Structure formats: C-alpha cells, structure tokens
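A.B. asks: based on what follows, work out the 3D shape:
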Amino acid sequence: MASYAHKTIATLFAGTVLAVGVASPASAQTKQDGLVNVVIGDVTILEDVNIAAAVDAAVQACDVVDVGNVTALATQTDNTSRTSVVCRQEDGDKVRFVQN
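C.D. replies: Numbers count the residues shown, from 1 in each chain. You can find the predicted model right below:
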C-alpha cells in the first residue's frame, strides 16, 4: 500500500513539474525593452521607438493633454505585449501602441 501512495505522490509531483515547465516559456515571451510601435489605422508610423517618443507622437495624433495616462498605456503595452488604444481619430482610425 505504501508503494501505491509513493507512486501517486510521484505522479502528482511530476504533473506539477510539467505544468510549471510549460507555463514558464509563455511568461518569458513578454518583451520588456522600453520600445513600442505607434500605429494609426493600418499604418505603423513609428517602429521600435522608446516610450517617450511614442507618447509624444500619440499625444499629438490624439490631441490629448493627459500625458500621464498615455505614458501608462505605452508602458502597459511594453510590459504585457497587449495592444493599447490611445484614441480614435475623426476618420475612425485608432491610434494604438503595439509591442515591437
């Protein structure tokens, strides 16, 4: 009976190790380098630029006064690799930060 318990614990431990091993590479894919792309509609207007330059371009394209929120969006995009929409222009095009 003790042998069965040891096998069960060993199987559970091996399953946990495999689950952790599979999850680790996914988190390593996040590319935090302080650089993002700025996209308006379907056109990338700035590629691989630092967050300050990206924020400046987005603030001008969106006519936004609150630079702090735009900076937070750019930083969030760099940290999570998720696209952030800064605004929508009059013609409907979105101004977005995209991970480089």
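
A.B. asks: against which helices or strands is the longest strand along the chain packed?
C.D. replies: Secondary structure of the chain per DSSP state E: the longest strand is strand 43-50. Strand 43-50 sits against strand 35-40, helix 51-62, with contacts defined as 3 or more C-beta pairs under 8 Å, 6 or more residues apart in numbering; DSSP states H and E. The C-beta positions use only the backbone N, C-alpha and C, and glycine is treated the same way.

A.B. asks: please convert these to a markdown table, extending it with mean neighbour count, mean pLDDT and distance to K94.
C.D. replies: Formatted as a markdown table, the helices and strands packed on strand 43-50 follow (neighbours: other C-beta atoms under 10 Å; pLDDT from 0 to 100; distance: least, C-beta to C-beta, whole Å):
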| stretch | mean neighbour count | mean pLDDT | distance to K94 |
| --- | --- | --- | --- |
| strand 35-40 | 22 | 98 | 7 |
| helix 51-62 | 19 | 97 | 10 |
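
A.B. asks: wait, which of the ones you listed is closest to R96?
C.D. replies: The closest of the helices and strands packed on strand 43-50 to R96 is strand 35-40. By C-beta to C-beta, the value is 4.8 Å.

A.B. asks: just to revisit the earlier point, tilt between the longest strand of the chain and strand 35-40?
C.D. replies: Relative orientation of strand 43-50 and strand 35-40, computed by axes from the mean of the first three to the mean of the last three C-alpha atoms, to 10 degrees: 160 degrees.
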